[in-house]
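Engineer: have a look at this prediction, sequence included:
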Amino acid sequence: MSFFQDILSIFKKRELPLIESYNESENVYTFLFEKEKDLTWKAGQHGLFTITHKKVKSPTRPFTLASAPTEKMIKITTSINDDPSDFKKAMLELKQGMKVSMSGPVGSFYLKDNSPSLLIAGGIGITPFRSILKQLEADGNGVEKPLHLLYMDSKKSYLFHNELDEMAKNLSISVTYLDSRNDLHAEIDKFTGLYKNNGKYFIAGPKSMVDSMSSYLVNHNISKRNIKKDVFFGY
């Protein structure tokens, strides 16, 4: 979507009833919401979610849509630690049928062409890539150019592990699970060695990780225009 389409979509709010929520792994929760039939987005985009059932000092937060546009619900997955913000406390209080509002979706973090692409996820940053792979699978056209997902998680929890493996098999793409920066750098070096600036590089995760990986790529002669970043705050 263009910048102007993003601006217009922000002004359209939708009320989303909660279907269910559940614990994915330690300190990670998934929330599923009903989806209006005319709501669509590009896989990898995020929405602006607003708590409506109680007063919260900062009631609006961005969340990547972990579900693909072809799925019948809206899925967001987020980390909630032992001392959560008021917003995330309110998220945990949501019961079936209670509503949040969402404006958007917005953002340019999505595949635009058939260039060889390296997807680099850190922890909860796997969510936009789940959406992207799920949509590619639903499209059923296969993947014409090399697509490689690197999933870095020092805790080795690897959200959506089985689902990612199944999608990778169906799409004939590569998924590599990593738990050290050295191994991540080595895998990045393999890809950049093959494709250099003919490739596209997508990085999603905590700000420190995204900044570090972006700098690493730039220092290895990858142009900034070939790097897309999706930063997850609140860690």
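Structural biologist: Nice, thanks for sending it over.
Engineer: now do the same contact list for the spatially most central residue of the chain.
Structural biologist: Nearest to the mean C-alpha position of the chain, by C-alpha atoms, centre = their mean, lies residue 128 at 2.0 Å. Listed by C-beta atoms under 8 Å, 6 or more residues apart in numbering, the contact set of residue 128 reads 43, 44, 45, 46, 64, 65, 66, 109, 110, 202, 204, 230. Yep, even glycine has a C-beta here, placed from its N, CA and C like the rest.
Engineer: kindly export the helix or strand hosting it (C-alpha atoms) in CSV.
Structural biologist: Per DSSP states H and E, residue 128 falls inside helix 127-139. The C-alpha trace of helix 127-139 is given here as CSV (Å, rounded to 0.1, in the frame of the first residue of the first chain):
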residue,chain,number,x,y,z
THR,A,127,5.0,-13.2,13.5
PRO,A,128,5.2,-11.3,10.2
PHE,A,129,7.0,-14.2,8.5
ARG,A,130,4.3,-16.6,9.6
SER,A,131,1.8,-14.4,7.8
ILE,A,132,4.0,-14.1,4.7
LEU,A,133,4.6,-17.8,4.4
LYS,A,134,1.0,-18.7,5.2
GLN,A,135,-0.1,-16.4,2.4
LEU,A,136,2.4,-17.8,-0.1
GLU,A,137,1.1,-21.3,0.8
ALA,A,138,-2.5,-20.2,0.3
ASP,A,139,-1.7,-18.7,-3.1
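Engineer: buried residues, it. List them.
Structural biologist: 127, 128, 129, 130, 131, 132, 133, 134, 135, 136, 137 (16 or more other C-beta atoms under 10 Å).
Engineer: for stretch 35-51, same thing?
Structural biologist: Buried-residue list, stretch 35-51, by 16+ other C-beta under 10 Å: 35, 39, 41-51.
Engineer: before we move on, what about stretch 110-124?
Structural biologist: For stretch 110-124, a neighbour-count test (16+ other C-beta under 10 Å) marks 110, 111, 115, 116, 117, 118, 119, 120, 121, 122, 123, 124 as buried.
Engineer: doesn't residue 64 make contact with residue 76?
Structural biologist: Yes - at 7.1 Å, residue 76 and residue 64 qualify as touching, with contact defined as C-beta atoms under 8 Å.
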